[in-house]
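Novice: Fold the following, please.
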Amino acid sequence: MESIIVYKMNSLEYKKLTMKYYLENLLGLSDFETCKNMLEWVNKNIVHTGNYDGSDRQEALTLLERAYQTQNGINCLSMSIVLCECLLSLGIPTRVVYMMPEAIEDGDNHVVVESFILEWNKWVMLDATYGSYCFDKNGTILNLQEIRNVIRQGEEYQFSDTLNYNGEVDLDIEDIKEYYKKNVFFFRCKSVQEYGSHREHGNMIEIAPEGFDVHERMVKNLQYRMELYGQSDYFVKWLKYESELENVYISEEEFYL
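Specialist: Modelled structure (predicted):
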């Protein structure tokens with residue numbers, strides 16, 4: 001069975017990206033080593049700013065032009081787009097995944113990436129904001145679904161020792177775990193992962209609990225956000241998209257093919 005999500009790794013922009021930022025120097029002896037190298041590179045060279053307005057073209061070259069080794073920070077979505085497109089440029093299937101809470105009156109969510117590690121034949125989660133990934137009590141590196149399962153079962157999981165926020169390492173790990181806990185109710189991901197695929201709203205698929213209406217939740221949530229933050233062009237366009245969206249749901253099994 002073929003994956004529902006398409007990963008396109010050949011484009012002129014990828015060549016420009018790898019040449020301008022010498023990304024081939026980050027290639028490791030394995031896919032996971034390459035992912036770790038790229039995760040560290042993005043995390044160390046870009047400042048996270050939660051209130052970034054997303055006004056730049058959401059693509060790696062433009063975002064790096066703004067944020068690479070500057071104080072012009074970007075948010076978790078934009079950092080994930082950079083990490084995703086950089087890894088795609090090196091031939092590793094990678095996707096941007098939106099971690100979403102259930103509550104309508106929650107004006108926040110988190111965004112990370114998942115990469116397919118060929119030598120393990122599995123997906124793993126990489127968090128560019130915190131420069132980290134997660135593993136269970138047996139040392140197995142986890143994907144988002146596995147993190148959600150561990151949380152639901154009340155089991156322990158750990159962040160890698162690379163965990164930091166804009167270079168600060170003295171963090172409240174339990175607070176970060178609570179942040180993850182509220183943001184693993186459902187996931188969203190674009191059906192096509194390629195350079196520039198996150199420039200506009202669209203092509204979204206949902207991985208949600210059976211019977212949960214993502215459409216209704218997103219429309220009400222965006223209306224709440226607009227009351228909270230104001231009616232920016234970004235929110236207006238987003239609400240229009242969500243209002244017209246016919247949700248495509250896939251199972252967890254299909255998502256992790």
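
Novice: any idea how far the closest residue to L142 other than its chain neighbours is from L27?
Specialist: Closest residue to L142 apart from its sequence neighbours, by CB to CB, 6 or more residues apart in numbering: C134 at 4.7 Å. Quick note: C-beta positions are derived from backbone N, CA and C, even for glycine. As for C134, its distance to L27 is 24 Å (criterion: CB to CB, to the nearest Å).

Novice: between those two, who's got more neighbours?
Specialist: A side-by-side neighbour count of C134 and L27, using other CB atoms under 10 Å, places C134 first with 24 against 16.

Novice: List the contacts of that one.
Specialist: Applying CB atoms under 8 Å, 6 or more residues apart in numbering to C134 gives the contacts 125, 141-142, 147, 157-160.

Novice: Per-residue pLDDT of it, please?
Specialist: C134 carries a pLDDT value of 98.

Novice: related to what we said a few turns ago, what would the contacts of C134 look like in TSV with neighbour count, pLDDT and distance to F186?
Specialist: Shown next, in TSV, are the contacts of C134 (neighbours: other CB atoms under 10 Å; pLDDT from 0 to 100; distance: CB to CB, whole Å):
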residue	neighbour count	pLDDT	distance to F186
M125	21	98	15
I141	20	98	22
L142	20	98	17
I147	22	98	13
Y157	17	98	19
Q158	16	98	24
F159	19	98	22
S160	16	98	25
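
Novice: Secondary structure added to those, as JSON lines?
Specialist: Below are the contacts of C134 laid out as JSON lines (DSSP: H, G, I helix; E, B strand; the rest coil):
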{"residue": "M125", "secondary structure": "strand"}
{"residue": "I141", "secondary structure": "strand"}
{"residue": "L142", "secondary structure": "coil"}
{"residue": "I147", "secondary structure": "helix"}
{"residue": "Y157", "secondary structure": "strand"}
{"residue": "Q158", "secondary structure": "strand"}
{"residue": "F159", "secondary structure": "strand"}
{"residue": "S160", "secondary structure": "coil"}
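
Novice: out of those residues, who's nearest E168?
Specialist: Closest approach to E168 among the contacts of C134 (CB to CB): F159, at 14.0 Å.

Novice: Next one: the nearest residue to the closest one once chain neighbours are set aside from V214, what distance?
Specialist: Take F159 and drop its neighbours on the chain: the residue closest to it by CB to CB, 6+ apart is S132, 4.7 Å away. As judged by CB to CB, S132 and V214 stand 27 Å apart.

Novice: Only alpha carbons, please: show stretch 68-88 as PDB.
Specialist: Only the C-alpha atoms of stretch 68-88 are listed here, as PDB (Å, rounded to 0.1, in the frame of the first residue of the first chain):
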ATOM      1  CA  TYR A  68      19.600  32.600   9.900                       C
ATOM      2  CA  GLN A  69      22.100  33.900  12.500                       C
ATOM      3  CA  THR A  70      20.000  37.000  13.100                       C
ATOM      4  CA  GLN A  71      17.700  38.000  15.900                       C
ATOM      5  CA  ASN A  72      14.700  38.100  13.500                       C
ATOM      6  CA  GLY A  73      12.900  35.100  15.100                       C
ATOM      7  CA  ILE A  74      10.300  32.900  13.600                       C
ATOM      8  CA  ASN A  75       7.700  30.600  15.200                       C
ATOM      9  CA  CYS A  76       7.600  26.800  15.500                       C
ATOM     10  CA  LEU A  77       5.700  26.300  12.200                       C
ATOM     11  CA  SER A  78       8.300  28.300  10.200                       C
ATOM     12  CA  MET A  79      11.200  26.600  12.000                       C
ATOM     13  CA  SER A  80       9.600  23.200  11.200                       C
ATOM     14  CA  ILE A  81       9.200  24.200   7.500                       C
ATOM     15  CA  VAL A  82      12.900  25.000   7.400                       C
ATOM     16  CA  LEU A  83      13.900  21.700   9.000                       C
ATOM     17  CA  CYS A  84      11.500  19.800   6.800                       C
ATOM     18  CA  GLU A  85      12.700  21.300   3.500                       C
ATOM     19  CA  CYS A  86      16.400  21.000   4.400                       C
ATOM     20  CA  LEU A  87      16.000  17.300   5.200                       C
ATOM     21  CA  LEU A  88      13.900  16.800   2.000                       C
END
